[in-house]
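[1] sequence plus the predicted model coming up.
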Amino acid sequence: MILTGVWREGTTLPREIELASRFDVSRASIREALSLLKAKGLIASKQKAGTHVRARFDWNMLDEELLNWTLSALPTQEFAKQILEVRRIVEPEACAICAVRGTDEDFARIERAYRGMDAAGMDRVAYAEPDLQFHRGILIATGNDFLIAFGATVAAALRMSFDLSSTNPGAPRKSLPYHRAVLDEIWARNADGARQAMHKLMDLTEQNIVTAMSRQKKKDAEDETVRTRRTR
């Protein structure tokens, strides 16, 4: 209800007893849920003023669980665009660092992930996990604790990006040469080459996301037209 704007920024939430009744759970469960939302920055409590929804810029959007909730509630093109912007900021530079600092063992881990993607063929479900491991493997190979932690928190974002882009026919297979180019530049320890290869992969991902969301928007419009005709 918070994420979808039913309870907007500044809204005072109902009392615990009212929430427990509304969701048919115990007050202890409500207190636990409220504590979780406070930890993620969504709500805050003030003595005698109750609990209110905080401004969106106070939310911990890099929290993996919050990302998952947001993706489930609001898989909009704008949100997808924001996630892709974050990936563009982080991943190309991470590739450059990886190419310089990574060990052969790190590169072999990324190579195994690539081979898993290749073995998946046209099965987009089987392709998803090794694709995620490929990107996280690059962050791990930087040896930068902050980038490694960042990779863990945006796992949901990577999955959302993949889920959207891979709905296009043959998208996973078409992206394979782009991943191979990234891997080759990393093995060559070519920092700038790895950076540019990842930028090209991000270009393809963005193109796939835009196409997929346009297709979904068109389908939603057609479904709405059908529903309207049926109710006449």
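    It's in. Numbering: from 1, shown residues only.

[2] please parse this protein into its domains.
    16-58, 64-224 (automatic domain parsing).

[3] please name the bridge partners of residue 52.
    Going by DSSP bridges, residue 52 is paired in beta bridges with residue 12, residue 44.

[4] so it sits against residue 13, correct?
    Yes - using C-beta atoms under 8 Å, residue 52 makes contact with residue 13 at a distance of 6.8 Å. Where C-beta positions appear, they are placed from N, C-alpha and C, glycine not excepted.

[5] okay, the two: which has more neighbours?
    residue 13 (19 against 15; other C-beta atoms under 10 Å).

[6] which residue is the nearest non-sequential neighbour of the more buried one?
    Once flanking residues are discounted, residue 13 sits nearest to residue 51: 4.6 Å by C-beta to C-beta, 6 or more residues apart in numbering.

[7] quick check: the one you found touching residue 42?
    No - using C-beta under 8 Å, residue 51 is not in contact with residue 42; the gap is 10.2 Å.

[8] quick check: buried residues in the helix or strand harbouring residue 89?
    Taking DSSP states H and E as the criterion, the element that holds residue 89 is helix 77-101. Within helix 77-101, the residues scored as buried using 16 or more other C-beta atoms under 10 Å are 79-80, 83-84, 87-88, 90-99.

[9] from these, pick the one nearest residue 177.
    residue 95 (16.0 Å; C-beta to C-beta).

[10] in contact with the closest one, which residues?
    Going by C-beta atoms under 8 Å, 6 or more residues apart in numbering, residue 95 touches 138, 182, 185, 186, 191, 194, 195, 197, 198.

[11] may I see the ChimeraX selection of the buried members of those residues?
    In ChimeraX, this line selects whichever of these come out buried by 16+ other C-beta under 10 Å:
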select :138,182,185,186,191,194,195,197,198
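
[12] would you turn the contacts of residue 95 into CSV with secondary structure, distance to residue 130 and pLDDT?
    Below are these laid out as CSV (DSSP: H, G, I helix; E, B strand; the rest coil; distance: C-beta to C-beta, whole Å; pLDDT from 0 to 100):
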residue, secondary structure, distance to residue 130, pLDDT
138, helix, 13, 96
182, helix, 14, 98
185, helix, 19, 98
186, helix, 16, 98
191, helix, 24, 98
194, helix, 19, 98
195, helix, 22, 98
197, helix, 18, 98
198, helix, 17, 96
